[in-house]
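>>> what's the 3D shape of this:
(4 chains)
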Protein chains: 4
Amino acid sequence: MLCIAEQTFTSRLFTGTGKFSSPAVMQQAIEASGSGLVTLAMKRINLHQHSDPTVEHLQQLDIRLLPNTAGAKDAADAVYAAQLGRELLGTHWVKLEVHPDQRYLLPDPIETLKAAEQLVALGFVVLPYCSADPVLCKRLEEVGCAAVMPLAAPIGSNRGLLTREFLQIIAEQATVPVVVDAGIGKPSEAMAVMEMGIDAVLVNSAIASARQPVTMARAFAQAVATGRMAFESGLGPVHRHALPSSPDADFLEHL
Amino acid sequence: MLCIAEQTFTSRLFTGTGKFSSPAVMQQAIEASGSGLVTLAMKRINLHQHSDPTVEHLQQLDIRLLPNTAGAKDAADAVYAAQLGRELLGTHWVKLEVHPDQRYLLPDPIETLKAAEQLVALGFVVLPYCSADPVLCKRLEEVGCAAVMPLAAPIGSNRGLLTREFLQIIAEQATVPVVVDAGIGKPSEAMAVMEMGIDAVLVNSAIASARQPVTMARAFAQAVATGRMAFESGLGPVHRHALPSSPDADFLEHL
Amino acid sequence: MLCIAEQTFTSRLFTGTGKFSSPAVMQQAIEASGSGLVTLAMKRINLHQHSDPTVEHLQQLDIRLLPNTAGAKDAADAVYAAQLGRELLGTHWVKLEVHPDQRYLLPDPIETLKAAEQLVALGFVVLPYCSADPVLCKRLEEVGCAAVMPLAAPIGSNRGLLTREFLQIIAEQATVPVVVDAGIGKPSEAMAVMEMGIDAVLVNSAIASARQPVTMARAFAQAVATGRMAFESGLGPVHRHALPSSPDADFLEHL
Amino acid sequence: MLCIAEQTFTSRLFTGTGKFSSPAVMQQAIEASGSGLVTLAMKRINLHQHSDPTVEHLQQLDIRLLPNTAGAKDAADAVYAAQLGRELLGTHWVKLEVHPDQRYLLPDPIETLKAAEQLVALGFVVLPYCSADPVLCKRLEEVGCAAVMPLAAPIGSNRGLLTREFLQIIAEQATVPVVVDAGIGKPSEAMAVMEMGIDAVLVNSAIASARQPVTMARAFAQAVATGRMAFESGLGPVHRHALPSSPDADFLEHL
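As a prediction, the model looks like this:
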């Protein structure tokens, strides 16, 4: 079973809370996803209100909240956001996101590593969102991150597995869990990630932007579980030529 | 629910009987697949024995047998094999395969269409294996085929969806069910076929060549059912740029 | 050098005459392409006028005209169009196109083969446009076609090499020249065709729809010639892992 | 014309010196490539000999030498190698490479940025090899690098454009020249890089590992020049459907 920072997760699908048409739909979709780890942008929480409707709905679910630092432009921003999450939500887990560029929201490798070091020192369980860069993933692992979260494609693009070959290298080399995050647009893409032997996948936009988010969440749950089953069952080899399914005899020679 | 020639099928996964390590493993894998339509090469059946072990195992399952004409090099061969199937197995359903080339086992469009016409006239329910050629598929439909079975990649190659764009056109234009046949190597590929709105998929080698064929059969079953669910849930749009999951506010401006 | 029906061609790029902004631009682009074989739709020729501006411009070039049967919906249409081309343009060469479907203009394998047989019998040099179907290509070769012209993608789509794996099989098996026709959108795609060892490529829309058709024609000419040179130079092998360019020594150990 | 650090280059193809069968073949291939910038691993130079055969051959060519720091495992190694290059070869240009991992030779983003800063401060013209990470490329640009050199695929793998979508983003955002480095295996891939509007490409293994390196070098030269011409000529749009090349009239209605 998947284990991150000594916590086990029955589902290898993680989800997020953005872009849903309402907090109620969000709650149902997350429930349908079976996800045990759900990320929430600290910047979305209204600090001036007594209670936040998103948080209230999430608190009714049997999940671990994973505050994220989306919107942070450098390490200082990210550390601040993580501390805010710890205070407001009572968890020392954090999904670290630092993306100075607003068009593609791609992560900053330098500030992400710097923030990761600081947050580990501050006692956080750090899961950093990062580019699909195998050396960076090793570095993040070395400073004490509990997992690495390389991207498949730009956040919210639904473009799928653009980084497949690099994710494969990351999976070969990592000694912490690898969670593919961002860009997954279809359940079959989440499944392909799992068939590669990668530990988990985080999906948000592809669920929230579906015509029926709740059944789409269920489809992603099944895709992820099935992809893991396929990985464990040992995929057959790929051939350049055809191999007949039925090579045994030749009845036509009886003619 | 999927309906071919007035027969309904609860599973959209069809399977085959080739390449399994034993008839017992084959039987268990087919059972695990939930498939209701299972193809069997007439050339594999031993005409000189009283009973055939493959057929005996298949008869213990609640499935429809689909004899196929693998090995046929022209229309005459195929019609002969279909008639043999009707006589020996008591079914007028036939998967029509004509492939003169032994290296890639690619189907012959001309002889396939000719055999299809003859078999329809002889009262068969004809499901032709064919290249992913949208015009050929229309022709096969026009002569009375009950479904069309365009290929994803060469038989047994496990190479996946090499013909994606043409399958999409076939799915747009067909008025009979479309069953993608040959080349599917991973459950995620079968799922991707279903996400496109295609009616069904036939998988044999990818199950039989897996390290654990029985659980792989189960994985394919779930992949196909989940892919259909995803199609019906309405996949979200694909974007060139990133779209933030969490666009609402900016806590960092509170600083 | 490329030889079709005993005629040699110095360039492996063939072109067409459709979609240009004017006959003068067309003439310049064809000249820049260096193409020795240029196709022309018989349906575009105005039968009621004494002279046709497109034909007049083409007659000033040192090229062989290749009338095509675009618009033909069946074999009879195609044979009629080919005969019209022979009469009006004085050539027994014909590019055979039969495409009943107007949305994707995909070729009809059955009517194309039928027309090919008839045209060969009538003394034509037949170059059939067809799907990237290796068995169909063998059939067309067997009835006497002088070359085969499998498609890369739908006509005019500029979508590139969607049929790569099947073109590779066709190139392995063919004993007549293979000319990839339709769908090539970029010079690099024409070049990739040539790197595969395929004999020639026909490009029209990608030149005519460029911002500067004349320089784009020159780019295609160079891409095709260079792709052939690369094929003949023997491309190096592809590796899964990195191979250092500079593996010899390790100066850092001198430290 | 391409300009890096106030030096102009007539060719947009850069080359390297590794893996050739002999220094003489290397010299001929580089000459055929027309490359004006040629990289050379400092670790390959024999410090204990009076003269180095590779360097001697290179000195007969009208090129700028670009010493590289291949083999460096951290910033300190790289700075040392750059200084060695300056001393031995009399140039303050350096291709910065830091790759701690020996299997895939992927660059280390953190140490590369650190070394870049130090080398710029020491007066070097720095061209860093890096992953196809748009944010990292901006960072390298900000510390004063004269160009950025994102990878297409692992060094020497000949696997081609695995990072296409990220290279496109880098090209959109960069204000220094972008040189795609590593992994390009075929001239058509180098051409595709140029069609995207990227400034230059560095190729070594694909030339050195060809059966005929000298003509392959010439093929790459032409591919790069032609790809630039295609970019400047404005590639036509890509369509999902077919667009007839010859839509004008319909002669078949005259029947």
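>>> show me the shaky parts of the stretch 101-250 of chain A.
A:243-250 (pLDDT under 70).
>>> show me where it has its helices.
Per DSSP state H, counting those that start in this stretch, the stretch 101-250 of chain A has helices spanning A:109-121, A:134-142, A:164-173, A:187-195, A:205-208, A:213-233. These are given in chain order.
>>> check the offset of the second one from the chain's centre.
In this case it means helix A:134-142. Offset of helix A:134-142 from its chain centre (Cα atoms, centre = their mean, to the nearest Å): 17 Å.
>>> on contacts alone, who are the packing partners of it?
Here helix A:134-142 touches helix A:109-121, strand A:125-130, helix A:164-173, helix D:109-121, going by 3 or more Cβ pairs under 8 Å, 6 or more residues apart in numbering or on different chains; DSSP states H and E. Quick note: C-beta positions are derived from backbone N, CA and C, even for glycine.
>>> can you pull up the bridge partners for A:Asp181?
Judged by DSSP bridges, the bridge partners of A:Asp181 are A:Leu151, A:Leu202.
>>> of the helices and strands packed on helix A:134-142, which is nearest D:Ala5?
For the helices and strands packed on helix A:134-142, the distance to D:Ala5 is smallest for helix D:109-121, at 11.1 Å, taking Cβ to Cβ.
>>> and that closest one, how far out from the chain middle?
The chain centre lies 19 Å from the centre of helix D:109-121; the measure is Cα atoms, centre = their mean.
>>> quick one: contacts for A:Leu2?
A:Thr8, A:Phe9, A:Arg12, A:Pro177, A:Asp199, A:Ala200 (Cβ atoms under 8 Å, 6 or more residues apart in numbering or on different chains).
>>> quick check on it: phi, psi?
phi -70, psi 130 (degrees, to the nearest 10).
>>> which residue packs closest to it, ignoring adjacent ones?
A:Phe9 (4.6 Å; Cβ to Cβ, 6 or more residues apart in numbering or on different chains).
>>> do you know the pLDDT at the one you found?
What the model reports as pLDDT for A:Phe9 is 96.
>>> count of neighbours near it?
A:Phe9 has 20 neighbours, counted by other Cβ atoms under 10 Å in any protein chain shown.
>>> surely it is in contact with A:Asp199?
No: applying Cβ atoms under 8 Å, one finds A:Phe9 not in contact with A:Asp199, separated by 9.5 Å.
>>> check contacts around A:Ala192.
Going by Cβ under 8 Å, 6+ apart, A:Ala192 touches A:Leu161, A:Arg164, A:Gly227, B:Lys186, B:Ser188.
>>> by neighbours, which of those wins?
Counting by other Cβ under 10 Å, top hit in those: A:Gly227 with 33 neighbours.
>>> what about the closest residue to that one other than its chain neighbours, distance to A:Cys137?
Closest residue to A:Gly227 apart from its sequence neighbours, by Cβ to Cβ, 6+ apart: A:Met194 at 2.7 Å. Relative to A:Cys137, A:Met194 is positioned 18 Å away (Cβ to Cβ, to the nearest Å).
>>> equivalent analysis for A:His92, please.
Going from A:His92 to A:Cys137 by Cβ to Cβ gives 22 Å.
>>> higher neighbour count, these two?
A count of neighbours by other Cβ under 10 Å puts A:Cys137 above the other of A:His92 and A:Cys137, at 27 against 17.
>>> excluding its backbone neighbours, what's nearest that one?
A:Val148 (4.5 Å).
>>> now swap in A:Thr215 and tell me
B:Ser233 (4.3 Å).
>>> count of neighbours near that neighbour?
B:Ser233 - counted by other Cβ under 10 Å - has 22 other residues nearby.
>>> now swap in A:Cys3 and tell me
Count around A:Cys3 with other Cβ under 10 Å applied: 11.
>>> ok, A:Ala171 next?
18.
>>> mind listing what the closest residue to it other than its chain neighbours touches?
Spatial nearest neighbour of A:Ala171, excluding adjacent residues (Cβ to Cβ, 6+ apart): A:Ile198 at 5.1 Å. By Cβ under 8 Å, 6+ apart, the contact list for A:Ile198 reads A:Leu167, A:Ala171, A:Val178, A:Val179, A:Val180.
>>> which single one of those residues is nearest to B:Lys114?
A:Leu167 (47.4 Å).
>>> wait, the closest one touches A:Glu195, no?
No: A:Leu167 lies out of contact with A:Glu195 (Cβ under 8 Å); the separation is 11.5 Å.
>>> where does the stretch 51-200 of chain A get nearest to chain C, which residue?
A:Glu165 (8.8 Å; Cβ to the nearest Cβ).
>>> hmm, who's touching stretch A:101-112?
By Cβ under 8 Å, 6+ apart, stretch A:101-112 touches A:74-75, A:78, A:96-100, A:128-131, A:133, A:136, A:140, A:151, A:154-156, B:241-242, B:244, D:109-110, D:113, D:133-136, D:138-139, D:169, D:173.
>>> switch to 6 Å and redo it
Identification of contacts with stretch A:101-112 by Cβ atoms under 6 Å, 6 or more residues apart in numbering or on different chains yields A:74-75, A:98-100, A:128-131, A:136, A:154-155, B:241-242, B:244, D:109, D:134-136, D:139, D:169.
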